[in-house]
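1. Take a look and give me a structure for this.
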Amino acid sequence: MSANVSGTRRGFFRRLIPPTPMSRRLATQSMLFSTGEGAFNTGSAVFLTQVVGMSAARVGLALTITGVAEFLTAYPAGRVVDRFGPKRLWVLSTWGRVACFLALPFVESFGEYLLVGLLFAVAASAGHSSYQSYVLDALPTRERVETQAYMYSALNVGFTVGAILGGVALAFDNLGVIRWTPLFAAALMAITASWISRLPQAPHDLRVASGEVRERPPGPGALRNRGWMLVTFFNGTLWTNQVLLNVVIPLWLVEATDAPHVLLAWLFGTNTVLCIFLPAYTSKGVRDLRDAMRYVWISSGFFVASCLITMVTHSTVGLVTVLLVWLGHVTVTGAELFISGASWSFQADLMDPRRRGEYQGVQDVSRTLGSMWAPALYTFLAMSWGAQGWLVIAGIIMLATTAMGPSVRMAERFAARHFPAELEARVEPDAQPVEPA
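-> Below you'll find the predicted structure:
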């Protein structure tokens, strides 16, 4: 019996290790990147207000302007990725982040920070499109969803480690330490750029190098694929589970329940742990678009359950409130995990393999339009309408889920008419799977 338990444990932890050399390299890159970002983001509010000297209102304005800039540059950045190759742009955009982090300790005004922030926005747009395009292009079809699940876990590990390191810097309570924290992020980002440069060329990079890619490929582009635009729009709506997770439930806990505020730390801790250990398991069932749609419905079920559970905590007291708020947070984490698997499948199966950067850019725009309204609306509905507001939020999610089915079928028909047969990605000869114990 003990031998079976021990073997099960070894099998569980072994399964947390990415199964191929390529997936391990990509997961390592994710962890390096998010550790650097997490280290700076943890203390960014202190950095901007006390080191740079901006007011909270100016910080909000700067972040809004840079967010709009990232939104506006998403589609053009995707087009550039297709023209010059995903790996090249991924490396360049990461070095762009290095330059921005190196500049931050010398920023002393709103205008100077805004300039650096706009450069960050351009690098973020190019980096996101090139990274997603590279992963889909470089991996065999059967490995795409599973590898992105491992990368998602590694990303959460990195953000956790980065948050701890940023917390250590804040613990010194010294503005000099906070001022130079971006240099640590820059160092890790430079290692990340070097790591990316050592990854193999993706097939699209090889076509660019050979001169095969000189102009836009024939056929309609992503902006004419209404199915893809609808899929990514409604996918953005389903991803508003993050608004519930990070904004609405915490505000509800503080304003509408008798739960102790320290519970917030446990909620976010639970979410982090689940998002580190479970993506490799929850993504296993996604093999095609039918599985992806099944995951959409499961995710929405968790989302609606979270709304219903959290809704009743306004009338509960004591330990019951604590347990229900925690359960509401766990169920919305379930929504996050299952919509992740579905999203990766949509990217793998519904993007034109010749235009992945362009499709990623359109996705970034449509997904933002599908979710940017949620923080204000969800907060208003929950905090002002109470139980009825939570029911409206659940209704919005069910409408988006219902609309996703015909949208996916529309995108699938477009792909069948206009996409070329995709060649299997080249993989390293030593990329043999690790068999679970």
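2. Please count neighbours and contacts with C-alpha atoms only from this point.
-> OK.
3. hey, where'd the helices end up in the stretch 101-250 of the chain?
-> Chain-ordered helices for the stretch 101-250 of the chain, with DSSP state H, counting those that start in this stretch as the definition, fall at 110-138, 144-171, 175-197, 203-209, 226-238, 241-243, 249-256.
4. tell me the most buried of the ones you listed?
-> The densest packing among these, expressed as mean neighbour count by mean count of other Cα atoms under 10 Å, is seen in helix 226-238 with a mean of 24.
5. Mind giving me the packing neighbours of that one?
-> With contacts defined as 3 or more Cα pairs under 8 Å, 6 or more residues apart in numbering; DSSP states H and E, the secondary structure elements packing on helix 226-238 are helix 318-350, helix 356-369, helix 387-418.
6. Quick check: mean pLDDT of that helix?
-> Helix 226-238 comes out with an average pLDDT of 97.
7. circling back to that earlier point, so which of the helices of the stretch 101-250 of the chain gets nearest Arg83?
-> Of all the helices of the stretch 101-250 of the chain, helix 203-209 sits nearest to Arg83, with 7.4 Å by Cα to Cα.
8. Against which helices or strands is the closest one packed?
-> Helix 203-209 sits against helix 56-84, helix 86-103, helix 110-138, with contacts defined as 3+ Cα pairs under 8 Å, 6+ apart.
9. closest to Gly370 out of these?
-> Using Cα to Cα, the nearest of the helices and strands packed on helix 203-209 to Gly370 is helix 56-84, at 12.6 Å.
10. Just the angle for that closest one relative to helix 356-369, thanks.
-> Here helix 56-84 runs at 150 degrees with respect to helix 356-369, directions being taken by axes from the mean of the first three to the mean of the last three Cα atoms, to 10 degrees.
11. Helix 56-84: how far from the chain's middle?
-> On the basis of Cα atoms, centre = their mean, to the nearest Å, the separation between the geometric centre of helix 56-84 and that of its chain is 16 Å.
12. what are the phi and psi values for Asn174?
-> Summarising the backbone geometry of Asn174 under the convention degrees, to the nearest 10, its torsions are phi -130, psi 120.
13. Quick check: the gap between it and Pro105.
-> With the distance defined as Cα to Cα, to the nearest Å, Asn174 ends up 14 Å from Pro105.
14. what do you get for Ala77?
-> Ala77 sits 27 Å away from Pro105, going by Cα to Cα.
15. Arg97 against Ala186, yeah?
-> Yes - if you go by Cα atoms under 8 Å, Arg97 and Ala186 touch, sitting 7.4 Å apart.
16. got a list of what the nearest residue to Gly236 once chain neighbours are set aside touches?
-> Taking Cα to Cα, 6 or more residues apart in numbering, and ignoring the residues beside it in sequence, Gly236 has Arg367 as its nearest neighbour in space, at 4.1 Å. Contact analysis of Arg367 by Cα atoms under 8 Å, 6 or more residues apart in numbering lists Thr232, Phe233, Phe234, Asn235, Gly236, Thr237.
17. I'd assumed Tyr359 was in contact with the first one.
-> By that I understand Thr232. No - with contacts counted by Cα under 8 Å, Thr232 stays clear of Tyr359, the gap being 10.0 Å.
18. State the distance from Thr66 to Ala77.
-> Summarising the geometry, the distance separating Thr66 from Ala77, computed by Cα to Cα, is 15 Å.
19. Likewise for Leu245?
-> Separation of Leu245 from Ala77 (Cα to Cα): 30 Å.
20. These two: which is more packed in?
-> Residue environment comparison for Leu245 versus Ala77 gives the larger neighbour count to Ala77, 26 against 21, counting by other Cα atoms under 10 Å.
21. Could you report the pLDDT at the more buried one?
-> The predicted local confidence for Ala77 is 95.
22. Spatially nearest residue to it (excluding sequence neighbours)?
-> If you skip the residues right next to it in sequence, Ala77 has Ala126 as its closest partner in space, 5.0 Å away by Cα to Cα, 6+ apart.
23. swap in Trp228?
-> According to Cα to Cα, 6+ apart, the nearest residue to Trp228 is Ala411 (5.2 Å).
24. In this structure that neighbour contacts Ala222, no?
-> No - applying Cα under 8 Å, one finds Ala411 not in contact with Ala222, separated by 10.5 Å.
25. what is in contact with the two at once?
-> Shared contacts of Ala411 and Ala222, counting by Cα under 8 Å, 6+ apart, come down to Trp228.
26. phi, psi of the closest residue in space to Asp137 that isn't next to it in sequence?
-> When the adjacent residues along the chain are set aside, Asp137 lies closest to Ala202, with 5.9 Å between them (Cα to Cα, 6+ apart). Dihedral angles of Ala202 (phi, psi; degrees, to the nearest 10) stand at phi -80, psi 160.
27. Quick check: Ala202 vs Phe84, distance?
-> Here Ala202 is placed at a distance of 12 Å from Phe84 (Cα to Cα).
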